[in-house]
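**Student:** Could you work out the structure for the sequence below:
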Amino acid sequence: MDRFVVVSGCSGGGKSTLVAELARRGHVTVAEPGRRIVERERASGGLALPWVDLAAFARAAIAMALDDRAALMAEDDPASGAAPVFFDRGLVDAAAALEHASGEKVLEDLAAAHRYNPLVFMTPPWPEIYTQDPGRRHGFQDALAEYERLLVAYPAHGYEVVPVPRTSVSARADFVLERLGL
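**Tutor:** Numbers count the residues shown, from 1 in each chain. Reported below is the predicted structural model:
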C-alpha cells in the first residue's frame, strides 16, 4: 500500500528517533516490532529474544508486522485521503532476519503479498550514535551485517532504497517528507 512507508536501515542508525520526530509532527507511526517483542518477552520471561532464539524472535516480528498492517487497513477510511503511515521497520526486515537465522524461505512470498510504498528510507550505519542497551545487545558489526542484508533484500523485492543523510533529526524528517512530496 503506497501510504505505508518503511524506515529501515542499520540498527542504532536513528530509525526510531526519526519515526518519533515524524510522530511529533502529527504523522501516524508504527513502533518497531522488535523493540515491542523484546519488552514483552523480557516482562514475561519469554524466549523469543534475538540473543536467545533469533528465529523465534523473527517469527514474532513477522506476526506483529502483519497484525500492525491489518489493524491499519481495517481502520482505513477512504474519505481520510492518503495520509502516510510511517513504519519503524517492515515485514522485509523481519523476513530477512528469519531467513538469515533459519534458512526458512519466507521473504519472497511476504514481500509480494504485503507491499509498502516503493520508497524505503534507509538509515545508514552511524558509529558515532550507535549504542547498546538492554534491548539491543548485539554489537556494531552485527548491525552492519544486518544492514548489508537489508540493502540487498529491499531492492530484490522491488523497492527503491533511499539513504537518509546523517544530519539532525529535524533535517532527516524534512528529507523524508520532501522525498515523498509532502
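**Student:** Run through the helices of this protein in chain order.
**Tutor:** 15-24, 33-44, 54-75, 91-102, 107-113, 140-156, 169-179 (DSSP state H).
**Student:** so which of those gets nearest F4?
**Tutor:** helix 54-75 (7.0 Å; Cβ to Cβ). All C-beta atoms are positioned from the backbone trio N, CA, C, and that covers glycine.
**Student:** what's the closest one in contact with?
**Tutor:** Residues from elsewhere that reach helix 54-75, judged by Cβ atoms under 8 Å, 6 or more residues apart in numbering: 1, 4, 28, 30, 33-34, 36-37, 41, 47-50, 85, 87, 89-91, 93-95, 97-98, 100-102, 104, 106, 110, 114.
**Student:** and among the helices of the chain, the most buried is which?
**Tutor:** For those, the largest average neighbour count (mean count of other Cβ atoms under 10 Å) is found in helix 91-102, namely a mean of 23.
**Student:** Count the neighbours of L47 for me.
**Tutor:** 10 (other Cβ atoms under 10 Å).
**Student:** That one and R40 touch, don't they?
**Tutor:** No - using Cβ atoms under 8 Å, L47 is not in contact with R40; the gap is 11.7 Å.
**Student:** contacting residues for A111?
**Tutor:** Per Cβ under 8 Å, 6+ apart, neighbours of A111: 91-92, 95, 153, 157-158.
**Student:** could you dump these to TSV with pLDDT and distance to V19?
**Tutor:** Output for the contacts of A111, formatted as TSV (pLDDT from 0 to 100; distance: Cβ to Cβ, whole Å):
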residue	pLDDT	distance to V19
L91	94	16
V92	96	16
A95	95	20
A153	96	20
H157	96	21
G158	96	23
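**Student:** Kindly reformat those residues as JSON lines containing distance to W126.
**Tutor:** Shown next, in JSON lines, are the contacts of A111 (distance: Cβ to Cβ, whole Å):
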{"residue": "L91", "distance to W126": "24"}
{"residue": "V92", "distance to W126": "21"}
{"residue": "A95", "distance to W126": "24"}
{"residue": "A153", "distance to W126": "20"}
{"residue": "H157", "distance to W126": "25"}
{"residue": "G158", "distance to W126": "27"}
